[in-house]
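Q: can't give you the sequence, but here's the structure:
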Ligand code: SF4
């Protein structure tokens with residue numbers, strides 16, 4: 001039995017200066033970890049996946065990969081960089097087959113290397129296996145340790161590899177082995193597993209990470225977000241249910257389970273920030289949900305002002321909602337420069353401040369002499385909020401009132417979102433009044449948990465917390481998070 005990992009030649013090992021949540025980052029915003037896209041039964045699987053992954057680019061900009069099968073052989077390509085940088089026409093044409101799984105990845109800088117780029121590809125007893133995932137397996141270090149103790153040799157630092165080892169060591173057929181393996185994992189995850197003759201699609205028992213199914217003619221498509229279906233002209237069918245496992249092969253699609261569904265806990269930050277506004281989650285359009293957040297925010301914490309502006313891009317919908325509810329005009333007081341891309345150097349403090357202006361500008365002629373309501377989605381360390389408030393003041397805002405369309409972010413995420421340590425989250429150690437002073441705002445308010453649930457169409461009377469995970473706000477994690485006394489948060493993709 002072999003579970004050898006195939007690593008392409010010419011590994012790229014350079015370090016990115018990462019604009020994620022590291023202490024030296026320009027923006028201390030949260031980072032989504034990954035996006036997955038799968039195709040079954042379409043002759044242009046590689047091209048469809050390219051467009052699908054491109055639509056999911058916001059979920060991970062550091063590497064992209066695609067594995068295609070024609071039912072007999074795997075063809076795959078992975079690389080560091082954006083989807084459009086990793087693939088060109090010739091590469092896509094070489095990826096022949098009617099089924100595929102693809103992946104875009106964001107990682108912390110230490111993990112940013114090609115060996116961890118997905119899909120991970122393995123050879124095992126029954127043939128080839130490719131794995132793509134979005135999320136984090138909380139008990140992966142313990143499983144990995146046990147596997148290593150009994151002889152497994154891991155080829156990557158990605159915890160995603162544990163599922164391949166668990167499957168490879170099972171004596172059962174592939175579907176049963178995958179069921180057993182998935183059943184051993186604790187955490188938030190959406191998996192795509194491809195063999196030469198099967199595609200398996202699975203969502204964790206709480207449905208923490210989004211995963212949806214679409215149709216395009218006779219083909220089945222799977223995506224972290226529905227916006228990717230629009231791009232390829234597919235129709236959204238339904239979300240993958242918590243604990244569900246779909247098996248696709250020559251006999252069609254079979255709906256199975258690897259675990260009983262538990263408390264539904266879809267990540268609230270997908271609604272607030274991560275997913276694109278043209279995606280639907282749980283049947284609701286994200287732009288509409290964010291507008292409702294803004295409207296409810298206005299009802300909860302009205303402030304008299306001359307203009308409302310949103311921090312682009314994720315807070316624009318909520319700012320429009322706040323403006324509609326209050327009658328205060330919505331204005332483009334902040335503009336994002338979309339073309340700065342990643343930075344490969346570690347800037348000095350002075351240049352870092354300049355870097356904020358490279359990415360975001362306040363519009364003097366719109367803001368000068370105005371009392372501004374600034375809508376943003378979250379405050380992590382507080383440094384970004386302070387910089388943006390100061391940008392508005394520098395161009396002449398007379399007052400800046402900050403309204404955040406989430407409750408205070410106090411706890412790290414264990415389910416695939418890159419967050420700083422708890423001690424670095426400003427809301428974990430300062431009061432709202434203290435944060436307000438720290439970010440140099442005239443007033444600061446956060447959306448209530450009840451307001452958030454109402455805005456996304458959740459119902460607390462029929463579903464616990466409206467079917468949301470809100471652990472980063474209230475410390476109520478849907479799963480165990482400590483194994484062997486070691487808490488492992490972030491992403492294991
Ligand atoms: S802890 Fe927060 S970021 Fe993580 S899954 Fe739950 S809601 Fe999402």
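A: On my side now, so go ahead. These numbers were taken from a predicted model, which means no experiment stands behind them.
Q: wait, residue 394 touches residue 362, no?
A: Yes - here residue 394 reaches residue 362: they are 6.8 Å apart, a contact under CB atoms under 8 Å. Heads up, the C-betas are built off the backbone N, CA and C, glycines and all.
Q: between those two, point out the one with more neighbours.
A: residue 362 (24 against 12; other CB atoms under 10 Å).
Q: contacting residues for the more buried one?
A: Applying CB atoms under 8 Å, 6 or more residues apart in numbering, we find residue 362 in contact with 333-334, 391-392, 394-395, 397.
Q: ok, now residue 428?
A: Remark: with contacts taken as CB under 8 Å, 6+ apart, residue 428 is in contact with 410-411, 422.
Q: do the top strand by length along the chain and the ligand meet?
A: Longest strand in the chain, counting residues (DSSP state E): strand 127-137. No - shown here: strand 127-137 not in contact with the ligand (CB under 6 Å from any ligand atom), separated by at least 8.7 Å.
Q: that strand packs against which elements?
A: On a contact count with 3 or more CB pairs under 8 Å, 6 or more residues apart in numbering; DSSP states H and E, strand 127-137 meets strand 34-40, strand 63-69, strand 74-80, strand 99-105, strand 120-124, helix 161-169, strand 187-195.
Q: quick one: closest of these to the ligand.
A: Among these, the nearest to the ligand by CB to the nearest ligand atom is strand 187-195 (5.6 Å).
Q: tell me the helices and strands packed up against the closest one.
A: Packed against strand 187-195 by the contact rule (3+ CB pairs under 8 Å, 6+ apart) you find strand 34-40, strand 63-69, strand 99-105, strand 127-137, helix 161-169, helix 174-183, strand 199-203.
Q: wait, residue 115 touches residue 155, no?
A: Yes - between residue 115 and residue 155 there is a contact under CB under 8 Å: 6.9 Å.
Q: on that earlier part again, so which of the contacts of residue 428 wins on neighbours?
A: Among those, residue 411 has the most neighbours (other CB under 10 Å), with 21 neighbours.
Q: and it, what does it touch?
A: Residue 411 is in contact with 422, 425, 428, 471-475, counting by CB under 8 Å, 6+ apart.
Q: same thing but at 10 Å, please
A: The neighbourhood of residue 411, defined by CB atoms under 10 Å, 6 or more residues apart in numbering, consists of 419, 422, 425, 427-428, 470-477, 481, 489.
Q: that one falls within a strand, correct?
A: No - under DSSP: H, G, I helix; E, B strand; the rest coil, residue 411 sits outside any strand and is assigned coil.
Q: on that earlier part again, for the ligand, state which of the contacts of residue 428 is nearest.
A: Relative to the ligand, the closest of the contacts of residue 428 is residue 411; by CB to the nearest ligand atom it sits at 6.8 Å.
Q: skipping adjacent residues, who's closest to residue 408 in space?
A: Excluding its sequence neighbours, the residue lying closest to residue 408 (CB to CB, 6 or more residues apart in numbering) is residue 427, at 3.5 Å.
Q: the closest residue to residue 219 other than its chain neighbours: how many residues sit nearby?
A: Excluding the flanking residues, the one nearest residue 219 by CB to CB, 6+ apart is residue 42, at 3.6 Å. Using other CB under 10 Å, residue 42 has 22 neighbouring residues.
Q: try residue 453
A: Per other CB under 10 Å, the neighbour tally for residue 453 reads 21.
Q: output the residue of the stretch 251-400 of the chain whose distance to the ligand is smallest.
A: At 3.2 Å from the ligand, residue 267 is the closest residue in the stretch 251-400 of the chain, using CB to the nearest ligand atom.
Q: was I right to think that residue contacts residue 465?
A: No - the criterion here is CB atoms under 10 Å, and residue 267 misses it with residue 465 at 11.8 Å.
Q: which of these two has more residues huddled nearby?
A: When neighbours are counted by other CB under 10 Å, residue 267 and residue 465 differ, and residue 267 comes out ahead with 28 against 21.
Q: tell me the contacts of that one?
A: Neighbouring residues of residue 267 by CB under 10 Å, 6+ apart: 32, 135, 188, 206-210, 273-275, 281, 413, 415-417, 468-472.
Q: in the sheet, who's paired with it?
A: residue 469 (DSSP bridges).
Q: count the residues that sit near the residue in the stretch 1-150 of the chain that the ligand sits nearest to.
A: Residue of the stretch 1-150 of the chain nearest the ligand, by CB to the nearest ligand atom: residue 30 (7.1 Å). Counted with other CB under 10 Å, the neighbours of residue 30 add up to 22.
Q: look at it and report its pLDDT.
A: pLDDT, residue 30: 70.
Q: could you find the closest non-adjacent residue to it?
A: Nearest residue to residue 30, sequence neighbours excluded (CB to CB, 6+ apart): residue 417, at 5.7 Å.
Q: interface residues of the protein facing the ligand?
A: Neighbours of the ligand within the chain, by CB under 6 Å from any ligand atom: 188, 208, 267-269, 413, 415, 417, 469-472.
Q: as CSV, those with distance to residue 216 would be great.
A: Listed next are the residues of the chain next to the ligand as CSV, based on distance: CB to CB, whole Å:
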residue, distance to residue 216
188, 28
208, 27
267, 27
268, 30
269, 29
413, 33
415, 30
417, 30
469, 31
470, 35
471, 35
472, 35
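Q: lovely, talk soon.
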